[in-house]
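Novice: Attaching a predicted model along with its sequence, questions to come.
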Amino acid sequence: MYESDQSSPRPATEKEWRLIEKLIMTSVGEQKKARRWGIFFKILTFVYLFALLVIILRPGLGGGVALKSGPHTALIDIQGVIAASEEASADLVITGLRDAFEKPEAKAIILRINSPGGSPVQAGYIYDEIVRLRLEYPEKKVYAVIADIGASGGYYIAAAADEIYADKASLVGSIGVTASGFGFVDTMEKLGVERRIFTAGDHKTFLDPFLPVKEDEKQFWQEVLDTTHKQFIEQVEKGRGDRLKKGDPLLYSGVVWNGEQALDLGLIDGLGSSSYVAREVVGAEDIVNYTPHPNRLDELFSKLGTSVGKGIAHMVMSNSVQLQ
């Protein structure tokens, strides 16, 4: 007699089919949901990148100057620390100066200064270029207008202008030079750390913060600062001439004065803002900003390239002999 195979699969019941169908539909739904979220995040990323690109390339952030037809007063901002890596660098400021001097519609140039100072080299570059352009375009005057502060390198640049203006509460001056640092000699001894350094040259390490300062090196460094201070004073006197009240012993001591005091000392020529100078002194009330800015897109790619370059250089240098 024929007997059925007990191991053969049993047909699924209706309840089981419904369960399978439900599982399949749930899986399909999850896939659709994941796909929708993926599309959403892709769109969101695209919008973010597009907005970022617009911000980077919009006028004013990429170095462009919004020019105006007709007579106007050119304005160039010198804001913050004066340094090669900052917006108040000689390269950027000089670019703006040349554009303003070459523009026939620009009747005069205002340097709006709000800077505590910075690199004497960068300030010197800007000073020299102002003097050169004033000789090349004698019909155009340069006015320095100090906002909150025009000190040290900021005043160094201002001294190259035909006239200097400031607010009565502006901080002006600080005709001096400084170099500072820290010494950790006693700290190293207390921690039981021994400094090991090998050099060629008797004074190669004279600014090393982990070594004591030698008297002859201290004297040498003071001479460097004194010479730089003398250069600063010479440029200020060259720019200001007989307007300076040189009888005050504090004039070149590095202190700062407010605008009213600076006017009495001959450090500035009057009290007023950029708008005041454009309207009342220049006679061209419309102001056009010629301040160039770093191209953010170039900066972005430059940083990216630098990062990649450093990675490659590290791989190469790790297998080569180095002189440091």
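Specialist: Yes, it's here. Numbers count the residues shown, from 1 in each chain.
Novice: check which helix or strand covers residue 147.
Specialist: strand 141-151 (DSSP states H and E).
Novice: ok, residues contacting that strand?
Specialist: Contact with strand 141-151 is made by 108-117, 130, 133-134, 154-155, 157-167, 170-174, 256, 259, 268, 272-274, 277, 281-282, as judged by C-beta atoms under 8 Å, 6 or more residues apart in numbering. From N, CA and C alone the C-beta is placed, and that goes for glycine too.
Novice: Can you tell me the closest non-neighbouring residue to the residue sitting nearest the centre point of the chain?
Specialist: Most central in the chain under C-alpha atoms, centre = their mean is residue 86, positioned 2.4 Å from the mean C-alpha point. Take residue 86 and drop its neighbours on the chain: the residue closest to it by C-beta to C-beta, 6 or more residues apart in numbering is residue 80, 5.9 Å away.
Novice: Residue 167 too?
Specialist: Spatial nearest neighbour of residue 167, chain neighbours left out: residue 259 (5.2 Å); criterion: C-beta to C-beta, 6+ apart.
Novice: quick one, phi/psi of the one you found?
Specialist: Dihedral pair for residue 259: phi -60, psi -40, per degrees, to the nearest 10.
Novice: Equivalent analysis for the one 4 residues further on, please.
Specialist: Recorded main-chain torsions at residue 263 are phi -70, psi -40, according to degrees, to the nearest 10.
Novice: Show the model's pLDDT score for it.
Specialist: On the pLDDT scale, residue 263 is placed at 98.
Novice: what does the helix or strand hosting residue 94 rub up against?
Specialist: Using DSSP H and E, residue 94 maps to helix 90-102. Identification of contacts with helix 90-102 by C-beta under 8 Å, 6+ apart yields 65, 74, 76, 78, 84, 106, 109, 121-122, 125-126, 129-130, 133, 136-137, 140, 290-294.
Novice: Apply 6 Å and report the result again.
Specialist: Residues outside helix 90-102 that contact it (C-beta atoms under 6 Å, 6 or more residues apart in numbering): 74, 76, 106, 109, 122, 125-126, 129, 133, 137, 290-292.
Novice: Can you give the distance of the helix or strand following it from its chain's centre?
Specialist: Downstream of helix 90-102, the first helix or strand assigned by DSSP H and E is strand 106-115. Using C-alpha atoms, centre = their mean, to the nearest Å, the mean C-alpha position of strand 106-115 is found 18 Å from that of the whole chain.
Novice: what's the angle from whatever helix or strand comes next after strand 106-115 to strand 106-115?
Specialist: Using DSSP H and E, the helix or strand that follows strand 106-115 in sequence is helix 120-136. Interaxial angle of helix 120-136 relative to strand 106-115 (axes from the mean of the first three to the mean of the last three C-alpha atoms, to 10 degrees): 160 degrees.
Novice: just the angle between helix 120-136 and strand 141-151, please?
Specialist: Between helix 120-136 and strand 141-151, the angle comes out at 160 degrees (the same axes, to 10 degrees).
Novice: Which pLDDT value belongs to the residue lying closest to residue 76 once chain neighbours are set aside?
Specialist: Nearest residue to residue 76, sequence neighbours excluded (C-beta to C-beta, 6+ apart): residue 96, at 4.3 Å. pLDDT recorded at residue 96 is 98.
Novice: Let me see the ranges of the helices in this structure.
Specialist: Ranges of helices in the chain, per DSSP state H, are 14-57, 90-102, 120-136, 153-158, 185-191, 215-240, 259-265, 274-276, 296-317.
Novice: With respect to residue 200, which of these lies nearest?
Specialist: Ranking the helices of the chain by proximity to residue 200 (C-beta to C-beta) places helix 215-240 first, at 16.7 Å.
Novice: What average pLDDT does that closest one get?
Specialist: 95.
Novice: Same question for stretch 181-192.
Specialist: Per-residue scores along stretch 181-192 average to 82.
Novice: how is this structure carved up into domains?
Specialist: As recorded under automatic domain parsing, the domains making up the chain are 18-57, 72-179+210-299.
Novice: okay, those, which one's buried deepest?
Specialist: domain 72-179+210-299 (a mean of 18; mean count of other C-beta atoms under 10 Å).
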